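*Asks:* coordinates only, sequence not included:
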């Protein structure tokens, strides 16, 4: 199978998957290295395919789906990286989903990474992945200042999440 054929098959896998698909899983499926898959994904993105990378793998960006009637807002938080797990746990404990993290970089501008953390299991997976790869939070690029997009059922629930974060000692700006 050549690269073009593999990329068509990768798109098919992503279209038919209900969850994120890791580069390692795709590599195993197609008998190539993980790096070849990363390159394939870059080529697919360059040819206008909206593929998001999450901590669990690749997903096609959601388009043409039922309009989401949940409340979405952003919060600016400042803390040391070792408090990320606590921050995420407080948010999910109060019914929120952490859609992404954003930091302002002096050269690159606003950097955004999808997180899609909506359960304690997602928090644990994120922390395990960060430890396994010796990765650092994006907030280290901005002295701990970062923005989260949070989705929840209502504005009142979002206000409750903010109160819970403040009660846990987080410095917030909204």
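*Replies:* Yes, it's here. Everything quoted here is computed from the prediction, not taken from an experiment. Residues are numbered from 1 along each chain as shown.

*Asks:* helix, strand or coil for the most centrally placed residue in the chain?
*Replies:* Taking CA atoms, centre = their mean as the criterion, residue 115 is the residue nearest the geometric centre of the chain, at 1.8 Å. Three-state secondary structure (criterion: DSSP: H, G, I helix; E, B strand; the rest coil) places residue 115 in strand.

*Asks:* Give me the distance between it and residue 131.
*Replies:* When CB to CB, to the nearest Å is the yardstick, residue 115 and residue 131 sit 16 Å from each other. Just so you know, the C-beta spots here come from the backbone N, C-alpha and C atoms, and that holds for glycine as well.

*Asks:* now do residue 73
*Replies:* Taking CB to CB as the measure, residue 73 and residue 131 are separated by 30 Å.

*Asks:* Between the two, which is the more surrounded one?
*Replies:* Neighbour totals were compared for residue 73 and residue 131, and residue 73 leads with 16 against 9 (other CB atoms under 10 Å).

*Asks:* which residues touch the more buried one?
*Replies:* 149-150, 155, 158, 174 (CB atoms under 8 Å, 6 or more residues apart in numbering).

*Asks:* Give the partner strands of the helix or strand where it lies in its sheet and their orientations.
*Replies:* Under the criterion DSSP states H and E, the helix or strand holding residue 73 is strand 71-78. If you go by DSSP bridges, strand 71-78 pairs up with strand 145-152 (antiparallel), strand 171-173 (antiparallel).
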